[in-house]
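> one predicted model, sequence on top.
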Amino acid sequence: MESILIAIIALGCIALVFGAILGFASVKFKVEGNPIVDQIDALLPQTQCGQCSYPGCRPYAEAIANGEAINKCPPGGQSTIDALADLLDVEAIPLDAEHGQEQPKTVAFIREAECIGCTKCIQACPVDAILGAAKQMHTVIASECTGCDLCVEPCPVDCIDMLPIEPTLANWNWPSPSSSEHIIATDRGRGNAGSAA
Amino acid sequence: MALMRLSSPHVHRPGKTGDVMKQVIAAALPGLATLVWYFGWGPLINAVFAVTLALLFEAVILKLRRRPLGFYLGDFSAALTGLLLALALPPYLPWWTTTVGVFVAIVIAKQLYGGLGQNPFNPAMIGYALLLISFPVEMTRWAGPQEVTGAQLSFVDALAVIFAGQGLPDAVTMATPLETFKHKGALTADELWAQSAQLLAGLHAWQAVNLAFLLGGIYLLLRRIITWHIPGALLFTLFMVSGFFYGADPSNHGSPLFHLSTGAIMLGAFFIATDPVTAATSNKGKLVFGASIGLLIYIIRTWGNYPDAVAFSVLLMNLAAPFLDYYTRPRTYGHKQPQKGIKR
Amino acid sequence: MSKIWSFHGGIHPPENKQQSLQRPLEALPLPSRLVLPLQQHIGAPASPLVKVGDRVLKGQPIAEPTGFVSAYLHAPTSGTVVDLVDHSVPHPSGMTAPCVVIEPDGEERWIELQGVDDYRSLEKHELAERIRHAGIAGMGGAGFPTEIKLHLSDDHIINTLIINGVECEPYITADDMLMRERADEIIGGIEIAAHLLTPTHVLMGIEDNKPEAARAMTEAARRSRIDIEVVVVPTKYPSGGERQLVKLLTGVEVPSGKIPADIGIVVQNVGTLAAVYNAVHFGKPLISRITTITGEAASRPGNREVLIGTPISDLLAHAGVDPNRLTRLVMGGPMMGYALGNANVPLIKTSNCIIAGAADEFPPAPPAQNCIRCGACEQVCPAELLPQQLHWFAKGREYDKALNFNLLDCIECGACSYVCPSNIPLVQYYRHAKGEIRREQAEQRKAEQARIRFEARNERLEREKTEKEARRKARAEAAAKAQAAKKDDAVTSAPKADPEAALKAAKTAAAVARTKLKKAEKALQIARDSGESDLAALEAEVSAQQQKVAASEAALKAAESTAPAKTPDIKELKLAAATARTKVTKTEKALADAEAKALPSAEKLRSSLATLRSKADAAQHALAAAEQSARPAAPAEATAAATADLKQLKSNAAILRTKLKKARKAIEAGDSSAELAQQVTELEPQLASAEQALAAAQAQQPPHTGPDLKALKSAVAIARTKVKKAQKALDEAGDNDDLRAELAQLQQQAAAADAALEAAQQATESP
Amino acid sequence: MADYRKITLDGLWHNNPALVQLLGLCPLLAVTGSVVNAIGLGLATTLVLVGSNLAVSLIRNLVPDAVRLPAFVMIIASYVTCVELLMQSLTYDLYQILGIFIPLIVTNCAILGRADAFARKNPVMPAVLDGLMMGVGFSVVLVLLGGLRELLGQGTLFSDMQLLFGPEAAGWKLTLFSDYPGFLFAVLPPGAFVGMGLIIAVKNIIDARRKARTERQPQPVEDGGSKRVRVTG
């Protein structure tokens, strides 16, 4: 009987000590804010296009941190999904087609002759990349445009085009060597046996 | 004018992977010849059989993976794996044992990992180690040198022993010097070899085989197929460690020369451990890699259960090769310190 | 002979240099068209100075730099600018870029050239400017504007100038030919560079496979007035790489991410220096260069002096290139050059070699096999990288790991690809990976920028919203107050705790009531005008409002009467009077206006004018009264002023005293300059007058403001301490007349202070 | 309403604890040298799983979240003790062979995992079914692997069944190859890993085939952009 008592007391003491340590640690090392949101936000393309059904990239980052699917960002495409999967240690899944397709990067361009100066696009632009005033012709600061195409829909005269970014000598890059397996044989059409593993 | 737009360089040194493999195969032939000289037709039959099987298994897997056969078989890596495995096997091993070994080497140890260049372990040694732990009886039934046993097995006899399940005549079998040495009991080393001329002749046969592999290795060194780092470090370490123990207690420990000239040392040092796919990459890493194999060989030979230890030592260090690579990176031009490890 | 160091790795590819050395240097005939890309150098493209149709002279600038790292471009011959167009340029991508197209007139008329005979007499920046105006960009391959490298900022102190005559790439012999034929020009260029950089060492590296060039350069160097050491280095690719050459000749390594100038070394190509020589001595801009044309498809390989902008097809034709044998056209060397898609591109300032390769010379690369980690690439890498690891990372798109393995230190020399037994296009992997890394970084920056802008925008919107909200709230509050005021009216307000606030509230309430009344009246008016039938409600409202106004005004009056007669603020009163006057004048004006136009509002205006006038009068009266009542306070003010003056005087005197003391001290310390003495003499009367003024002021001071007891007390204490200190000093110093005199003085002061204190105490006690 | 069919399929195939979740590998790899061992451990594990799921489901609303894991472990440990005692009394020889792996069922993640992931969120009936199906799924893999290894290693099947099913089961032993040399590798732990890998590979191939078959009928993608929201005013 006595030994049982001793055991219980000893265990109780240990439990108390560790409980105290845990409590102390939870206060001492409390994480301020939620850095994971910042990390996720940093991976998102910041187009602020809203195609993910969240009003901006940060809200989506917060949603992802709370368990939202990572495949709802068409501008980021598969590379963003892969990066998010890597960060969150989850499986990379294909882009959710409900939110749109991955498209080549574009910038908005206003056909200035047709612009009537309604300022609707200015209000729509999430990054203030459109310059202009009421009754004045507007123009897009191409270097600031994220290609979110949010300005296209509000334009009453449809004078905004989304133009793909053309490669230039300055941003041209060597293509990746075509894999030799591709030249001489192909693994394509073998289903997803590999990815299912 | 069909001009191609390609990345530089536009010139290329002659010599392909296949050529490298062929040179290694050629360098192993003197060793094979010596084995045949001493142990009869068995090693040759084994070698031909193993190489054929290796190519066959490789072809089957390539077919399953829908890869072009000619392109991949043409790199001779499968043939080399088969040959190296055969060189390590006992001369008159039953055919099914060899088959299992080659299957494991080619299919499991190499192709399941993605083929040439992707396998973390030396395929031949995986096959050998698997056979050794699975079929200890067959794998330790070595023939003695013909001149010692006096029993000449004809080519047909040899085929019968290997393929028809005919048992190896007891007169032909004989323990390898390393095994003999391991079980010498209370005898001192000198007493052991003085015991019988047969044992001594067996020892000499093995020394000749090792010499032949050493010659092949030197050829590889001269052709710059391998660098001196791994074999040098391996042999030097084995020499130093065995020398230390021999110096401390000559009667119970084999001399450095004995350790360097028996078993599969030269084969291991020049042909197995230098397999670039599974070895450490940088020169520093290669030194550590070779030295560790040498040390492990001595430890397992002396205090382990198995008489020879090249396969296990090489496999253990294969496991450590990526680790060595990460911690022995060279200092890049313009940097003060070599970077260590890998950034996550 | 100075010591030669070594760098890691390197290869010995077949040199193939003899083919193009068989024939002497030839000049190419004038082509029918010259195409000059606006960007032939690293940095920003130049901006054109000519228009289509302009006639240009040989050597006339046709484009000017657009930034720090940019270069001039000159017409290589006289002729007409026929086009400013996107033309295909020598670039691995095969893309087009803006070019100036010139049609030569065959006259080769030069513009006026201005050379300098004695460049040493020029300012350095002037000399550099001349080189800049000659449009010289590094001719070894990279094309970095030369004058930047020759005229470095002051934080770069150059101790070694290295001249790169190594030319390690196979096939190329342009520099070799230049060194053989124009060694003196090179030496002249070196002298100019040395003059600009003032290095302590000038080293020139030449590979030992160019003995003739080495001999010619050694000869020429001996004739030079500066000490140039020609170092023959063993032939090994890529010794000609800038970083490798630095290591080879000096034994030091250029730190990663830095340029050689950061460690006091400048490397210049021989061709560049010859161009510098011509630019400085003869004023000739860079309009031609020596280019090697070689390869098995060329029947007359050799070196040609070509004008910049010459189409490569012209060069090929001159070299007798068989188009049927030509399978690969390489610009640059076989190790680092790039294959061209067609021969329609022009030669530019950096084109040192054109290789017209035949099929057996450059067979198509066999498909890559798997990497077997043989380590051959690592053995030859001159940057001591791990090419195979980089290859895995580049292939697997693990760019952060590739960066960790120093991918950016790769010089793309191609040695690893050259030796790879598996034919893996390693360099292309690295190039692609580097480009991807750059792109990712750019995207990252852009995303960050977008995020910041988005957040800034949201913040702005939020701010606007809160401001709007604040305004709305303020209005709501005002309304609530009015409501409260109304309630107060309803109960004919109980006496307020704060009559002033009540007054204010009453005022606002009255104002609000008036505004409402006006509004109601207006509405009524409008309704009447538009002939609306339902006027009763509006009329009722107007009357209700009128009542309210009356009530609120009554309340206001009551509040005014209850408010204590506060001491009227003169300022406020003045303001009120002024406002009232302005209002009166304004109303008068309006009235005049209205009367002139016979408006119905004249009547109203008139009545309001009357009230305003009376108000103005009242305000004026109030002001006058206040001013009168304020007058008795004046003497007090005067006293205050006097006190302030006294303080001022005191501090003046103190400052003068300190100054005087300082000056005296300085004199005592041995600085017996006349200036100080004068200062002292000047200060003394000033101090005296200041003290006098102070005394006078003190005397004027009314007695009751007299000496402050506290101040006196502290003065006494200070005087006593001083006496004590002086005594101590005297004790320590022994017999010292000065000190004794000082002590006596201090004692007197202390006694005086004591007396003053006593007197003051008595004075305070007695009343 | 729990979907019993889904629970069953999950346990047996889609979410098989051994093949998909890769839980409880330690006993799985250690004791599957022969079929009888596999059956013994499989039965024991299944029993504990069913019991613990039942108990956890019953107390799921009573245990605060913070201390649920200790509570679950206590429950599991109790069941394991029962099973251990049962095996001691009924199949003592097998108990001796399985040795430490019976008590170690307590730490089998498959059991704790099911308790935490399923039983504590579901009513009793689904929880019990889940436990049963997970246990059966686990046991099937155990038996499969045991059979594979016994066959490869010794050339026999169902040897030593008397340990579990009484003396009359001694005759169940099937010797497939007489004069089989014995493939020690299969019986040793590395063989277990290789065998396990092969079984998982086979499952993946089957899954991939099935997926490919269903994918052959492409589903129309819904109209994109329908879920878009406006970021700005």
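All right, it came through fine.
> quick one: name the residues of the stretch 1-150 of chain B near chain C.
B:1-13, B:15-17, B:19-20, B:71, B:75, B:77, B:115-118 (C-beta under 8 Å from any C-beta of the partner chain). The C-beta positions use only the backbone N, C-alpha and C, and glycine is treated the same way.
> just the buried members of these?
Buried subset of the residues of the stretch 1-150 of chain B next to chain C (neighbour count, 16 or more other C-beta atoms under 10 Å in any protein chain shown): B:3, B:6-13, B:15-17, B:20, B:71, B:75, B:77, B:115-117.
> next SSE after the longest helix seen in chain B?
Within chain B, and with DSSP state H defining each element, the longest helix by residue count is helix B:197-222. Later in the chain than helix B:197-222, the nearest helix or strand by DSSP states H and E is helix B:229-248.
> tell me the mean pLDDT for the helix or strand hosting residue C:430?
Residue C:430 is located in helix C:426-490, with elements delineated by DSSP H and E. Averaged over helix C:426-490, pLDDT sits at 88.
> ok so, going back, so the longest helix of chain B versus helix B:229-248, what angle?
If you take axes from the mean of the first three to the mean of the last three C-alpha atoms, to 10 degrees, helix B:197-222 sits at 150 degrees to helix B:229-248.
> can you tell me the element residue D:196 falls in?
helix D:189-215.
> buried sites along that helix?
Quick answer for helix D:189-215 (16+ other C-beta under 10 Å): D:191, D:192, D:194, D:195, D:196, D:199, D:200, D:203, D:204, D:207, D:208.
> do any residues in stretch C:448-458 lie close to chain A?
Yes. Under the criterion of C-beta under 8 Å from any C-beta, chain A is reached by stretch C:448-458 at C:448, C:449, C:450, C:451, C:453, C:454, C:456, C:457, C:458.
> which elements pack onto the helix holding residue C:430?
helix A:57-65, helix C:387-395, helix C:399-404, helix C:415-419, helix C:499-529, helix C:536-562 (3 or more C-beta pairs under 8 Å, 6 or more residues apart in numbering or on different chains; DSSP states H and E).
> for those helices, give me a markdown table that also has mean neighbour count.
Output for these, formatted as a markdown table (neighbours: other C-beta atoms under 10 Å in any protein chain shown):
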| stretch | mean neighbour count |
| --- | --- |
| helix A:57-65 | 21 |
| helix C:387-395 | 24 |
| helix C:399-404 | 18 |
| helix C:415-419 | 27 |
| helix C:499-529 | 17 |
| helix C:536-562 | 16 |
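> dump those into JSON lines; add mean pLDDT as well.
What follows is the helices and strands packed on helix C:426-490, written out as JSON lines (pLDDT from 0 to 100):
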{"stretch": "helix A:57-65", "mean pLDDT": "88"}
{"stretch": "helix C:387-395", "mean pLDDT": "90"}
{"stretch": "helix C:399-404", "mean pLDDT": "88"}
{"stretch": "helix C:415-419", "mean pLDDT": "92"}
{"stretch": "helix C:499-529", "mean pLDDT": "73"}
{"stretch": "helix C:536-562", "mean pLDDT": "74"}
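> looking at the ones you listed, which is nearest to chain D?
Closest of the helices and strands packed on helix C:426-490 to chain D is helix A:57-65, at 9.0 Å (criterion: C-beta to the nearest C-beta).
> so is that closest one next to chain D?
No. Helix A:57-65 stays clear of chain D (C-beta under 8 Å from any C-beta), getting no nearer than 9.0 Å.
> quick one: residues in contact with that helix.
A:34, A:36-38, A:40-41, A:44-48, A:52, A:54, A:68, A:70, A:72-73, A:84, A:88, C:451, C:454 (C-beta atoms under 8 Å, 6 or more residues apart in numbering or on different chains).
> cool, and stretch A:90-97?
So stretch A:90-97 is contacted by A:69-74, A:77-78, A:81-82, A:84-86, A:101-102, D:221-222, D:224 (C-beta under 8 Å, 6+ apart).
> so which of the buried residues of helix D:189-215 reach chain A?
Contacts with chain A within those, as defined by C-beta under 8 Å from any C-beta: D:200, D:204, D:207, D:208.
> ok, residue 44 - contacts?
All of this is about chain A. Taking C-beta under 8 Å, 6+ apart, we find residue A:44 in contact with A:57, A:60, A:61, A:73, A:76, A:80, C:447.
> chain D was what I was after
For residue D:44, the contact set (C-beta under 8 Å, 6+ apart) comprises D:83, D:87, D:98, D:102, D:105.
> for those, which one is nearest residue C:402?
Nearest to residue C:402 among the contacts of residue D:44: residue D:105, at 46.6 Å, using C-beta to C-beta.
> which parts of chain D are strands?
D:156-157, D:174-175 (DSSP state E).
> avg pLDDT for the helix holding residue D:196?
Mean per-residue pLDDT for helix D:189-215: 88.
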